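**Student:** Structure for this input, please:
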Amino acid sequence: MMETTYIGFAAGIITSLAALPQLVRTYRTKHARDISIWQPLLLDIGMILWVIYGIALKDVPLIAANLFSFICYTLLIIMKICFREDDFSQDNDYNVCNNGTKEDL
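**Tutor:** You can find the predicted model right below:
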(Lines give C-alpha, C1' and ligand atoms only; values in the text may rest on other atoms or scores of the structure.)
Protein backbone atom coordinates (compact mmCIF):
# COMPACT_ATOMS: atom_id res chain seq x y z
CA MET A 1 0.00 0.00 0.00
CA MET A 2 1.11 3.50 -0.66
CA GLU A 3 1.66 6.02 2.11
CA THR A 4 -1.33 8.07 0.97
CA THR A 5 -3.57 5.04 1.39
CA TYR A 6 -2.50 4.75 5.04
CA ILE A 7 -3.24 8.43 5.53
CA GLY A 8 -6.65 7.89 3.92
CA PHE A 9 -7.42 4.96 6.22
CA ALA A 10 -6.30 6.92 9.30
CA ALA A 11 -8.43 9.93 8.32
CA GLY A 12 -11.39 7.67 7.58
CA ILE A 13 -11.15 5.85 10.90
CA ILE A 14 -10.89 9.05 12.93
CA THR A 15 -13.73 10.87 11.17
CA SER A 16 -15.92 7.76 11.22
CA LEU A 17 -15.40 7.25 14.94
CA ALA A 18 -16.58 10.82 15.52
CA ALA A 19 -20.17 9.64 14.99
CA LEU A 20 -20.03 6.96 17.68
CA PRO A 21 -20.27 9.09 20.87
CA GLN A 22 -23.53 10.72 19.73
CA LEU A 23 -24.90 7.39 18.55
CA VAL A 24 -24.10 5.69 21.88
CA ARG A 25 -25.42 8.57 23.98
CA THR A 26 -28.68 8.74 22.03
CA TYR A 27 -29.15 5.00 22.37
CA ARG A 28 -28.39 5.02 26.12
CA THR A 29 -30.59 7.99 26.98
CA LYS A 30 -33.34 7.22 24.45
CA HIS A 31 -33.53 10.98 23.79
CA ALA A 32 -32.73 12.74 20.54
CA ARG A 33 -34.50 16.03 21.22
CA ASP A 34 -31.39 18.17 20.79
CA ILE A 35 -30.41 16.57 17.49
CA SER A 36 -31.72 18.21 14.35
CA ILE A 37 -32.99 15.64 11.86
CA TRP A 38 -31.41 17.68 9.06
CA GLN A 39 -27.78 17.31 10.16
CA PRO A 40 -27.55 13.49 9.93
CA LEU A 41 -29.87 13.45 6.90
CA LEU A 42 -27.66 15.86 4.94
CA LEU A 43 -24.56 13.99 6.07
CA ASP A 44 -26.06 10.72 4.81
CA ILE A 45 -26.76 12.23 1.40
CA GLY A 46 -23.22 13.63 1.22
CA MET A 47 -21.68 10.33 2.33
CA ILE A 48 -23.57 8.36 -0.30
CA LEU A 49 -22.19 10.77 -2.90
CA TRP A 50 -18.69 10.25 -1.47
CA VAL A 51 -19.18 6.46 -1.69
CA ILE A 52 -20.20 6.77 -5.35
CA TYR A 53 -17.17 9.00 -5.96
CA GLY A 54 -14.92 6.52 -4.13
CA ILE A 55 -16.27 3.64 -6.21
CA ALA A 56 -15.55 5.60 -9.38
CA LEU A 57 -11.97 6.19 -8.18
CA LYS A 58 -11.64 2.68 -6.70
CA ASP A 59 -10.53 4.33 -3.45
CA VAL A 60 -11.09 1.78 -0.67
CA PRO A 61 -10.44 4.14 2.30
CA LEU A 62 -12.92 6.67 0.91
CA ILE A 63 -15.56 3.99 0.36
CA ALA A 64 -15.06 2.26 3.73
CA ALA A 65 -15.04 5.41 5.84
CA ASN A 66 -18.13 6.85 4.25
CA LEU A 67 -20.07 3.57 4.36
CA PHE A 68 -19.36 3.22 8.08
CA SER A 69 -20.35 6.83 8.75
CA PHE A 70 -23.46 6.41 6.60
CA ILE A 71 -24.53 3.46 8.74
CA CYS A 72 -23.91 5.39 11.99
CA TYR A 73 -25.84 8.46 10.89
CA THR A 74 -28.65 6.35 9.44
CA LEU A 75 -28.98 4.68 12.86
CA LEU A 76 -29.04 8.14 14.46
CA ILE A 77 -31.87 9.18 12.10
CA ILE A 78 -33.79 6.02 13.00
CA MET A 79 -33.33 6.73 16.72
CA LYS A 80 -34.39 10.35 16.23
CA ILE A 81 -37.64 9.10 14.68
CA CYS A 82 -38.20 6.23 17.14
CA PHE A 83 -37.44 8.25 20.29
CA ARG A 84 -39.37 11.37 19.30
CA GLU A 85 -42.26 10.63 21.68
CA ASP A 86 -39.82 10.22 24.58
CA ASP A 87 -38.32 13.62 23.74
CA PHE A 88 -41.53 15.31 24.90
CA SER A 89 -41.61 13.57 28.28
CA GLN A 90 -40.49 15.30 31.45
CA ASP A 91 -38.20 12.36 32.28
CA ASN A 92 -35.01 13.34 30.48
CA ASP A 93 -31.37 13.39 31.50
CA TYR A 94 -31.43 17.18 32.05
CA ASN A 95 -33.74 17.08 35.04
CA VAL A 96 -33.48 13.43 36.12
CA CYS A 97 -29.72 13.53 36.70
CA ASN A 98 -30.17 16.31 39.22
CA ASN A 99 -32.30 14.20 41.57
CA GLY A 100 -29.98 11.21 41.42
CA THR A 101 -32.40 8.74 39.87
CA LYS A 102 -30.43 8.36 36.67
CA GLU A 103 -26.74 7.98 36.06
CA ASP A 104 -25.12 11.22 34.89
CA LEU A 105 -23.81 10.69 31.41
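**Student:** Could you check how far Ala10 is from Pro61?
**Tutor:** Distance from Ala10 to Pro61, counting by Cβ to Cβ, to the nearest Å: 9 Å. Every residue, glycine included, has its C-beta placed from N, CA and C.
**Student:** Neighbour count for those two, which is higher?
**Tutor:** Here Ala10 and Pro61 are compared on neighbour count by other Cβ atoms under 10 Å; more neighbours surround Pro61, at 19 against 12.
**Student:** Touching the helix or strand hosting that one from outside, list them.
**Tutor:** Pro61 belongs to helix 60-82 when elements are defined using DSSP states H and E. Residues from elsewhere that reach helix 60-82 (Cβ atoms under 8 Å, 6 or more residues apart in numbering): 5, 8-9, 11-13, 15-16, 19-20, 22-23, 26-27, 32, 35, 37, 40-41, 43-44, 47-48, 50-51, 53-55.
**Student:** Which ones among those residues lie within helices?
**Tutor:** Among these, the ones falling in helices (DSSP state H) are 5, 8-9, 11-13, 15-16, 20, 22-23, 26-27, 40-41, 43-44, 47-48, 50-51, 53-55.
**Student:** pLDDT below threshold where in this protein?
**Tutor:** Within the chain, the set of residues satisfying pLDDT under 70 comprises 1, 86-105.
**Student:** I appreciate the help and will end here.
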